[in-house]
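A.B. asks: Please find the sequence and the predicted model below.
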Amino acid sequence: MSTYLGSGNADLHRRDYRPAWLDDLAEDATMEASVLNGIVEGAEAVRAILGYARTLYDYQEFNYVGEYGEHGFVEDYTSRVHGEPIGSIVVVRYNDAGRAQHVIINHRPLRSVLLWSRLMADHFANTPYAKYFISPELTRDPLGPDTSS
């Protein structure tokens with residue numbers, strides 16, 4: 001079974017998870033992700049983008065959440081976004097003060113990555129964050145008919 005499909009057990013679907021590191025970002029935090037063009041810089045930008053992104057999940061089914069090495073944290077979970085399965089690995093690296101400094105997010109499969117970026121682009125259109133997401137002209141084929149209009 002593909003790892004991004006999850007177990008299928010609805011009892012494992014969480015809708016209440018809020019990572020503690022999101023409330024303790026370094027002011028110069030950065031975020032990189034498979035759904036992004038470029039690197040997001042600054043705690044305010046990371047919070048704004050992740051704040052909306054978290055609303056797109058139907059639920060989160062966690063395989064693992066916890067420490068990763070001496071200065072890190074990892075989340076491994078699956079979900080659905082607009083009916084499409086998505087798997088996520090989030091790696092957070094802390095600075096010497098113990099604040100979240102670097103956030104790296106990998107989503108799979110590609111179809112879901114493109115959907116996610118399109119949904120984010122729609123939400124953040126005409127904002128300073130729009131530049132981080134897929135442009136409308138790139139949404140016409142990979143997911144079928146263009147529904148961005």
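C.D. replies: Thanks, I have it.
A.B. asks: Which positions in stretch 104-117 come out as buried?
C.D. replies: 104-105, 107-108, 112-117 (16 or more other Cβ atoms under 10 Å). For glycine as for every other residue, the C-beta is placed from the backbone atoms N, C-alpha and C.
A.B. asks: swap in stretch 36-49?
C.D. replies: By neighbour count with 16+ other Cβ under 10 Å, stretch 36-49 contains the buried residues 36, 40, 43, 45-49.
A.B. asks: quick one: which of the residues you listed sit in helices?
C.D. replies: 43, 45-49 (DSSP state H).
A.B. asks: Just the CA trace of the helix or strand residue 64 falls within, in PDB.
C.D. replies: Per DSSP states H and E, residue 64 falls inside strand 61-67. Taking C-alpha atoms only, strand 61-67 is exported to PDB below (Å, rounded to 0.1, in the frame of the first residue of the first chain):
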ATOM      1  CA  GLU A  61      -3.500  10.500  10.700                       C
ATOM      2  CA  PHE A  62      -0.100  10.400  12.400                       C
ATOM      3  CA  ASN A  63       2.500   7.700  11.900                       C
ATOM      4  CA  TYR A  64       5.100   9.500  14.100                       C
ATOM      5  CA  VAL A  65       5.400  12.800  16.000                       C
ATOM      6  CA  GLY A  66       8.400  13.500  18.100                       C
ATOM      7  CA  GLU A  67      12.000  14.400  18.600                       C
END
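A.B. asks: ok, so of the buried residues of stretch 104-117, who is nearest residue 55?
C.D. replies: Closest approach to residue 55 among these (Cβ to Cβ): residue 116, at 11.9 Å.
A.B. asks: Let me know the helix or strand that the closest one is in.
C.D. replies: Element membership of residue 116 [criterion: DSSP H and E] is helix 110-124.
A.B. asks: re earlier: export the ones in helices among the buried residues of stretch 36-49 as a markdown table, with columns for distance to residue 60 and pLDDT.
C.D. replies: Shown next, in a markdown table, are those (distance: Cβ to Cβ, whole Å; pLDDT from 0 to 100):
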| residue | distance to residue 60 | pLDDT |
| --- | --- | --- |
| 43 | 22 | 98 |
| 45 | 22 | 97 |
| 46 | 19 | 98 |
| 47 | 18 | 96 |
| 48 | 20 | 96 |
| 49 | 17 | 97 |
